[in-house]
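Asks: Kindly generate the corresponding structure for this input.
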Amino acid sequence: MENNREHTSGFVSIVGRPNVGKSTLLNRVVGQKIAIMSDKAQTTRNKIQGIYTTDDSQIVFIDTPGIHKPKHRLGDFMVESALSSLRGVDVILFMVSAVEKRGPGDNFIIDKLKESNTPVFLLINKIDEIHPDKLLEIIDDYRTQMEFEQIIPISATEGNNVETLLSEILKYLPEGPQFYPEDQVTDHPEYFIVSELIREKVLQLTREEVPHSVAVVVESMQRNELGKVQVHAAIIVERSSQKGIIIGKGGKMLKDVGIRARRDIEVLLGDKIYLDLWVKVQKDWRDRQTNLQDFGYRKEDY
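Replies: Purely as a prediction, here's the structure:
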């Protein structure tokens with residue numbers, strides 16, 4: 001990896017009508033089946049669906065609750081929830097199917113996308129199922145509706161143009177840390193609950209001294225040769241003064257956070273754990289929506 005290249009990372013949202021191939025694309029990108037092929041209706045919270053990691057960048061794909069014309073109050077809430085997640089991402093992929101005409105569902109999504117300041121890529125999927133001449137008509141038709149940052153025809157099933165899509169997304173990612181271990185391709189609910197438990201202890205013990213902006217990223221969770229689950233987690237703060245407070249005099253504060261968090265995590269996992277905590281300063285990370293809580297993770301969801 002070249003030293004002059006900063007690490008980039010960002011969040012990418014995929015929107016589109018049901019069955020346009022969003023899951024197929026994600027499985028293609030992360031190179032293996034991940035737990036996203038479920039037929040369960042979308043819940044209201046956003047879910048991290050796939051993570052694509054290279055040496056110097058990481059793309060975290062967010063699946064939003066389907067954007068659809070709401071028929072009732074809950075529908076309104078779900079659509080609002082989907083739209084709010086669009087505000088925190090670096091790129092929005094709007095996926096449509098080449099084999100279906102643009103319909104009211106697509107138009108509804110387009111209207112909502114027009115309100116966003118985020119770059120929108122139009123992905124025309126299933127191009128392997130149409131005659132190439134048809135493609136220009138489809139592109140022209142969608143172009144009359146709104147201006148897209150990029151228009152990329154793909155076949156998620158066959159893999160056509162998927163590499164191009166990834167390299168285009170990478171151009172739009174800001175500088176940022178690697179949020180997940182490179183071998184992690186999707187989220188584990190327990191990673192988030194564990195990080196929430198640690199965060200809660202930091203806030204309880206430091207009181208007003210450390211703002212709620214503190215984030216916790218569980219970097220790995222594996223069973224060691226002694227049969228204990230080893231949890232490595234980073235507490236991320238914005239300033240070195242906050243780092244000092246969390247570590248405490250002679251490391252006492254961090255130790256107390258660890259003892260309390262370990263107790264709760266052992267109850268949660270029903271297992272003996274070894275907890276390794278360290279504190280990192282990541283300046284101004286809050287200005288970008290990298291706080292995973294902003295993506296709808298709440299303890300009570302699980």
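Asks: how close does Ala156 sit to Ile92?
Replies: 17 Å (C-beta to C-beta, to the nearest Å). All C-beta spots, glycine's among them, are computed from the backbone N, C-alpha and C.
Asks: With Val216 instead?
Replies: To Ile92, Val216 is 27 Å away according to C-beta to C-beta.
Asks: Same check on Leu26?
Replies: Using C-beta to C-beta, which is the criterion applied here, Leu26 is 15 Å from Ile92.
Asks: same check, this time on Val229
Replies: In terms of C-beta to C-beta, Val229 sits 37 Å off from Ile92.
Asks: Tell me which of these two has more neighbours.
Replies: Shown here are Val229 and Ile92; by other C-beta atoms under 10 Å, Ile92 has more neighbours (24 against 18).
Asks: That one touches Phe11, doesn't it?
Replies: No - Ile92 is beyond contact range of Phe11, at 10.0 Å (criterion: C-beta atoms under 8 Å).
Asks: How many neighbouring residues does Lys252 have?
Replies: Counted with other C-beta under 10 Å, Lys252 comes out at 10.
Asks: isn't there a helix covering it?
Replies: Yes - assessed with DSSP: H, G, I helix; E, B strand; the rest coil, Lys252 lies in a helix.
Asks: Surely Ile152 is in contact with Thr164?
Replies: Yes - with contact defined as C-beta under 8 Å, Ile152 reaches Thr164; the gap is 6.4 Å.
Asks: Mind checking which of the two has more residues around it?
Replies: Ile152 (18 against 13).
Asks: a strand runs through that one, doesn't it?
Replies: Yes - membership of Ile152 in a strand is supported by three-state DSSP.
Asks: ok, what's across the strand from it?
Replies: For Ile152, the beta-bridge partners under DSSP bridges are Leu123.
Asks: how near is it to Ser116?
Replies: In terms of C-beta to C-beta, Ile152 sits 18 Å off from Ser116.
Asks: The stretch 201-302 of the chain: helices as residue ranges?
Replies: 240-247, 252-269 (DSSP state H, counting those that start in this stretch).
Asks: which other helices and strands contact the last one?
Replies: Looking back up the chat, that one is helix 252-269. If contacts are counted by 3 or more C-beta pairs under 8 Å, 6 or more residues apart in numbering; DSSP states H and E, helix 252-269 sits against helix 189-206, strand 229-237, helix 240-247, strand 273-281.
Asks: Now mean pLDDT and distance to Glu175 too, for those, in CSV please.
Replies: Below are the helices and strands packed on helix 252-269 laid out as CSV (pLDDT from 0 to 100; distance: least, C-beta to C-beta, whole Å):
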stretch, mean pLDDT, distance to Glu175
helix 189-206, 80, 22
strand 229-237, 91, 15
helix 240-247, 92, 19
strand 273-281, 93, 15
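Asks: mind putting these in TSV, distance to His131 included?
Replies: Shown next, in TSV, are the helices and strands packed on helix 252-269 (distance: least, C-beta to C-beta, whole Å):
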stretch	distance to His131
helix 189-206	44
strand 229-237	51
helix 240-247	59
strand 273-281	53
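Asks: which one of those lies closest to Val30?
Replies: helix 189-206 (16.2 Å; C-beta to C-beta).
Asks: hang on, the earlier thing: can you tell me which of the helices and strands packed on helix 252-269 is nearest to Glu6?
Replies: Comparing these by C-beta to C-beta, strand 273-281 comes nearest, at 16.0 Å.
Asks: Brilliant, that's me finished.
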